[in-house]
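Asks: I would like the atomic coordinates for the input below:
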Amino acid sequence: MQKYILSNTFLTKNIQVLVYGEWPRQSKNCKPFFTATYSEKDKEVIQKTDFNKTIEFVFVGNLVRGKNPLYAIQLVEQLIRKGKNVNLNLYGEGIERTVLEEYIQNNQLEKNIFLKGNQNQETIKKAYQKSHFVLLPSKSEGWPKAIAEGMFWGCVPVVTAVSCVPFMLNHGDRGVLLEMNLSNDTIQLEAIIEDRKCYVDKSIKASEWSQQFTKDIFETEIKKILQS
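Replies: Below you'll find the model as predicted:
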């Protein structure tokens, strides 16, 4: 109902609506928009370590069912079982923490999967910088901040095709769209891990795309809208 009202140019003829991402058949009063975390001065090229060392995954979000942290753990577990040298660091707190702790312990994953709790922005930034992939198998999102932030630092995003995520990932060109099928999603990740050129290509594209959306540009775009 809300979507219908806001996209109807007759009902909202004096209103401009900011909408995350670009959508098919988007009405002229709906303006594609974004959210930003970093500034122009934060931009830098991050050289990711190669895959002969540990492959680092990071999850940033509340530990609740809607964010699917258990699926993130199970996906990395599949890679471990297949002999990949991978780690997953989860940042955040929530009611699922006990469930996750028990799963990690029961499946002997303590050496590879770590619950880091809530951390400050600088710690999260460093986690993105050292990680190869940012993982978020969420059931719903608006503008998934953790994905945009990870992409800013060259992490290849691994995320469900919800909300504007397909737009952010250019339908898989700069990331991996999860099917929420462990077997199929594991195959997708294995293919990238085994193809360094493919990984580097997606990492560069992710960073270049996300670094368009800085706080400086955000402020400029807000001013343009207010003046129009």
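Asks: how about the residue nearest the centre of the chain, nearest residue that isn't a chain neighbour?
Replies: Compute the mean C-alpha point of the chain, and by Cα atoms, centre = their mean the closest residue is residue 147, 2.1 Å away. Nearest non-adjacent residue to residue 147, counting by Cβ to Cβ, 6 or more residues apart in numbering: residue 157, 4.8 Å away. Just so you know, the C-beta spots here come from the backbone N, C-alpha and C atoms, and that holds for glycine as well.
Asks: confirm that neighbour sits in a strand?
Replies: Yes - counting by DSSP: H, G, I helix; E, B strand; the rest coil, residue 157 is found in a strand.
Asks: report the distance from whatever helix or strand the residue nearest to the centre of the chain lives in to the chain centre.
Replies: Per DSSP states H and E, residue 147 falls inside helix 145-152. In this view, helix 145-152 has its centroid 5 Å away from the chain centroid, taken as Cα atoms, centre = their mean, to the nearest Å.
Asks: equivalent analysis for stretch 139-151, please.
Replies: Taking mean C-alpha positions (Cα atoms, centre = their mean), stretch 139-151 and its chain are 4 Å apart.
Asks: got the buried residues for that stretch?
Replies: In terms of neighbour count (16 or more other Cβ atoms under 10 Å), stretch 139-151 has its buried residues at 141, 143, 144, 146, 147, 148, 149, 150, 151.
Asks: again with stretch 157-170
Replies: Within stretch 157-170, the residues that count as buried by 16+ other Cβ under 10 Å are 157, 158, 159, 160, 162, 163, 164, 165, 166, 168, 169.
Asks: same for the one helix or strand residue 192 maps to, what does it pack against?
Replies: If you go by DSSP H and E, residue 192 is part of helix 182-193. Judged by 3 or more Cβ pairs under 8 Å, 6 or more residues apart in numbering; DSSP states H and E, the packing partners of helix 182-193 are helix 69-81, strand 176-178, helix 196-210.
Asks: of these, which is nearest residue 5?
Replies: strand 176-178 (29.6 Å; Cβ to Cβ).
Asks: may I have the strands that pair with that closest one, each with its orientation?
Replies: strand 156-160 (parallel) (DSSP bridges).
Asks: with that, I have no additional questions.
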